[in-house]
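Participant: Any chance you could fold what I've pasted below:
(one chain, ligands or ions: 2)
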Amino acid sequence: MAFLHIDHLNKRFGQQAVVHDFNMQVEAGKFVTFLGPSGCGKTTVLRMIAGFETPSGGNIRLAGDDITRQSPQKRGIGMVFQSYALFPNMNVADNIAFGLKMQKRSADEIRHKVGEVIALVELNGREKHFPHQLSGGQRQRVALARALVVEPRLLLLDEPLSALDARIRKNLREQIRDIQRRLGLTTVFVTHDQEEALTMSDRIFVMNQGKVEQEGAAETIYTQPATEFVARFMGNYNLLTAQQSHALLGMEISGHLAIRPESVQLLSHDDPTEGALPAVIRQHQLLGNVIRYQVEAHGAMLQVDRLNRNAADLLAGGTQVRLKIARDDLREVR
Ligand SMILES: Nc1ncnc2c1ncn2[C@@H]1O[C@H](COP(=O)(O)OP(=O)(O)OP(=O)(O)O)[C@@H](O)[C@H]1O
Ligand SMILES: [Mg+2]
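Facilitator: Ligands and ions are numbered 1, 2, ... in the order given. As a prediction, the model looks like this:
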């Protein structure tokens with residue numbers, strides 16, 4: 001049986017249904033991610049799991065216990081919020097110790113446990129600093145330590161990295177994942193950043209308008225989007241209409257055809273490869289290691305990515321080319 005089991009969860013604020021028929025199961029020790037646009041209900045679901053928000057319907061089970069109506073203190077769940085939510089008038093050690101003090105643990109035990117988590121999040125030497133004396137990344141590590149120190153059964157992380165700059169973000173996401181693995185701690189992570197979700201997660205739950213749009217391993221979500229929404233949200237998929245799919249590839253489909261920009265091969269105009277389509281380069285965009293071309297074929301505009309190996313290979317606007325689209329990489333989406 002799954003460690004975290006959410007069944008038909010619903011939440012209304014007045015007339016507005018914010019979460020509806022939300023279902024998920026998470027195995028013990030896994031790191032799973034809610035990925036979705038702003039306002040799709042990610043925080044609301046986390047807050048219901050933590051007990052800060054009461055569901056309008058459905059239930060939540062943790063390790064077999066029905067926790068749907070249990071008070072937050074009894075759930076054994078740690079949460080790190082979108083904003084740091086540290087106590088500004090307490091130093092690092094006191095911020096971290098707060099939960100243990102509430103539990104009336106002995107001074108010795110508190111000192112020992114706080115020391116352990118400070119080492120775990122690499123904040124040694126900062127014990128006496130106040131939040132305003134710390135960088136954003138350090139503050140978020142204090143928040144993480146504060147959630148970990150009470151040894152939660154489940155860890156909830158609500159966009160803990162979104163306020164940080166790119167380099168610190170990357171460091172901290174590796175650190176979080178490393179700590180999570182070492183502790184074997186079941187974790188639900190929230191982000192609206194695709195790259196973050198892909199690099200960190202065992203499983204991804206793509207959310208749209210209060211429900212799970214698609215669930216799967218990171219690789220599956222990226223290469224096999226089930227719906228137009230997931231294809232648009234996950235990357236720079238080309239989405240062809242049924243009409244375009246027919247004109248371009250002779251395919252009869254009912255929804256849209258999703259084609260990844262990196263799965264289209266650019267060939268020279270006289271390349272004899274069978275099934276390659278005549279096309280014209282319209283524009284290009286330098287993304288760093290990749291050059292993204294806008295290529296027109298049969299009136300349809302496609303994005304095609306190519307590794308930026310050599311400046312001499314750059315294809316100028318107006319260049320005639322041929323496109324080879326691997327059939328295996330085509331996805332029909334709803
Ligand atoms: N306490 C509340 N009262 C009324 N509406 C609320 C409340 N909390 C959230 N909402 C609404 O519920 C919807 C989902 O909000 P939620 O915070 O769960 O989204 P989110 O996916 O976390 O978005 P973001 O990525 O911006 O953090 C939004 O439309 C929001 O306005
Ligand atoms: Mg949120």
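
Participant: just for the stretch 1-150 of the chain, where's the confidence low?
Facilitator: 84 (pLDDT under 70).

Participant: where do the helices sit along it?
Facilitator: Secondary structure of the stretch 1-150 of the chain by DSSP state H, counting those that start in this stretch: the helices cover 42-50, 72-75, 92-102, 107-120, 136-148.

Participant: what are the ranges of the strands in the stretch 201-334 of the chain?
Facilitator: For the stretch 201-334 of the chain, applying DSSP state E, counting those that start in this stretch gives strands covering 203-208, 211-217, 238-240, 256-259, 264-268, 277-286, 290-297, 300-307, 320-325, 331-333.

Participant: For R12, which residues are in contact?
Facilitator: R12 makes contact with V18, S56, according to C-beta atoms under 8 Å, 6 or more residues apart in numbering. Where you see a C-beta, it was placed from the backbone N, CA and C, and this is true even at glycine.

Participant: Could you find the residue in the stretch 101-250 of the chain that comes nearest to ligand 1?
Facilitator: Of all residues in the stretch 101-250 of the chain, the one sitting closest to ligand 1 is H192 (5.1 Å; C-beta to the nearest ligand atom).

Participant: Check whether that residue really touches G36, as I assumed.
Facilitator: Yes. Counting by C-beta atoms under 8 Å, H192 touches G36, with 6.4 Å between them.

Participant: shared neighbours of those two, anything?
Facilitator: Common contacts of H192 and G36 (C-beta under 8 Å, 6+ apart): K42.

Participant: Look at the two and report which has more neighbours.
Facilitator: Neighbour count, other C-beta atoms under 10 Å: between H192 and G36, G36 has more, with 25 against 18.

Participant: Contact partners for the residue nearest the centre of the chain?
Facilitator: With distances taken as C-alpha atoms, centre = their mean, A197 lies nearest the centre of the chain, 2.8 Å away. A197 makes contact with T33, L35, F189, T191, I204, A218 under the criterion C-beta under 8 Å, 6+ apart.

Participant: Any of those buried? List them.
Facilitator: The neighbour count (16 or more other C-beta atoms under 10 Å) marks T33, L35, F189, T191, I204, A218 as buried among those.

Participant: so what's the third one up against?
Facilitator: F189 sits next to F31, V32, T33, F34, L157, P160, I176, A197, M200, S201 when contact means C-beta under 8 Å, 6+ apart.

Participant: can you check the fifth one too?
Facilitator: By C-beta under 8 Å, 6+ apart, I204 lies in contact with V32, T33, L35, A197, L198, E215, G216, A217, A218, I221.

Participant: Apply 6 Å and report the result again.
Facilitator: I204 makes contacts with T33, L35, A197, A218, I221, as judged by C-beta atoms under 6 Å, 6 or more residues apart in numbering.

Participant: mind checking pLDDT for it?
Facilitator: The model reports I204 with a pLDDT of 97.

Participant: Ok, the fourth one next?
Facilitator: Model confidence at T191, given as pLDDT, is 94.
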